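Chemist: how does the following fold in three dimensions:
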Amino acid sequence: MLRAIAIFAVILYVGGCAFAPKFTPTTMKGAECKRECAMGEQSCVGNPYTCDNGYASCIESCIDIDRLSKEEGSK
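Modeler: Prediction:
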């Protein structure tokens, strides 16, 4: 049982970056947001799993910003 928990912990620790969604910005605001997320991830200090979750949340926000900027531009 302890071995299974240890393996699971290692998978989460090493594979944390797999949780970030794929995002290709289509607006300048989206590109700026993605750049800020990348800079924040590079300067993150602490558990990689926590840093990766923060990066994933940031990218999800960028997706929304990009979508809203695109809708705003088409009006």
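
Chemist: use CA for all of it now, contacts and neighbours both
Modeler: Noted.

Chemist: quick check: buried residues in the lengthiest helix in the chain?
Modeler: In the chain, taking DSSP state H as the definition, the longest helix is helix 48-73. Neighbour-count burial for helix 48-73, counted by 16 or more other CA atoms under 10 Å, picks out 48-49, 51-63, 65-67, 69-70.

Chemist: so where's the chain shaky on pLDDT?
Modeler: Applying pLDDT under 70 to the chain picks out residues 4, 6, 8-18, 75.

Chemist: now with 80?
Modeler: 1-20, 73-75 (pLDDT under 80).

Chemist: give me the most central residue, it.
Modeler: With distances taken as CA atoms, centre = their mean, the residue of the chain nearest its centroid is Ala56 (2.2 Å).

Chemist: the nearest residue to it once chain neighbours are set aside: what's it in contact with?
Modeler: Spatial nearest neighbour of Ala56, chain neighbours left out: Ala20 (4.2 Å); criterion: CA to CA, 6 or more residues apart in numbering. For Ala20, the contact set (CA atoms under 8 Å, 6 or more residues apart in numbering) comprises 52-53, 55-57, 59.

Chemist: out of those, which one sits closest to Glu41?
Modeler: Tyr55 (6.0 Å; CA to CA).

Chemist: now that closest one: how far from Gly73?
Modeler: The gap separating Tyr55 from Gly73 is 26 Å, by CA to CA, to the nearest Å.

Chemist: could you do Asp52 as well?
Modeler: With the distance defined as CA to CA, Asp52 ends up 31 Å from Gly73.

Chemist: now swap in Thr26 and tell me
Modeler: 11 Å.

Chemist: now swap in Ala56 and tell me
Modeler: 26 Å.

Chemist: what do you get for Cys51?
Modeler: Distance from Cys51 to Gly73, by CA to CA: 32 Å.
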